[in-house]
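Student: Whatever this is, show me its structure:
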Amino acid sequence: MIINNQEYQVKGLNYSIRSAVETDAETLSELRLQIDGETEYMDRERGEGFIDIAGFEQLIKSDSDSGRNLFLVAVVDGRIVGYSRCEGSNLKRLSHKVEFGICVLKDFWGYGIGRNLLKESVTWADFNGMKKMNLHVLEINTKAIQLYEKFGFTIEGVLKNDKLLSDGKFYNTIVMGRWNSAN
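Tutor: Take a look at the predicted model:
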């Protein structure tokens, strides 16, 4: 699905949030590699689960055409610095919910980009009749957990010893959900 562009100014940084377009595919392929290498909060290490340009083009096209998916990008001075996705299902038993994921370049943390990508996604989900949003977050990503809680997400479960990080230790993954009772 496509949303209208939204403009933001936070701590002197101007940026916009808009729907991804197919011409973003090359940048998104490179950006995903960079973000995966900057933090262990992601599921992947740099280079794992690589999506090439054609893969992103297809993903953007299918998300744009679907009423159950939303692919957003955050843009600073013409440069994509983060993105988020909501992915729904056409299966009847799962059609009431979407899975949410987000990533932002580390240099752009602290400017509300993640918050505003989440805000736009929640607004879209609520407006389009989604009853529930789900996400997974690493237990040590406390800032993200606090942000999700501010948007009404609650902890629904814990996947024990779910991720093995570079320090050789296992960490839990927190499963969070947000129920929209207005729909």
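Student: could you pull out the helices for this protein?
Tutor: 25-38, 53-65, 113-127, 142-150 (DSSP state H).
Student: just those: most buried one?
Tutor: Burial of the helices of the chain is given as mean neighbour count (mean count of other Cβ atoms under 10 Å); helix 113-127 ranks first at a mean of 19. In short, each C-beta sits where N, CA and C put it, glycine included.
Student: Please name the nearest non-neighbouring residue to the residue most central in space within the chain.
Tutor: Per Cα atoms, centre = their mean, the C-alpha nearest to the average position across the chain is that of residue 102, at 2.1 Å. Spatially, and ignoring its direct neighbours in sequence, residue 102 is nearest to residue 84 (4.1 Å; Cβ to Cβ, 6 or more residues apart in numbering).
Student: Pretty sure that neighbour sits against residue 117.
Tutor: Yes. Residue 84 lies in contact with residue 117 (Cβ atoms under 8 Å); the separation is 4.1 Å.
Student: how distant is stretch 151-161 from the center of its chain?
Tutor: 16 Å (Cα atoms, centre = their mean, to the nearest Å).
Student: no no, stretch 79-92
Tutor: Using Cα atoms, centre = their mean, the offset of stretch 79-92 from its chain centre is 6 Å.
Student: outside of it, which residues touch it?
Tutor: 15, 20, 24, 27-28, 31, 35, 63, 66, 68-75, 94-95, 97-105, 107-108, 113-114, 117-118, 120-121, 124-125, 130, 133 (Cβ atoms under 8 Å, 6 or more residues apart in numbering).
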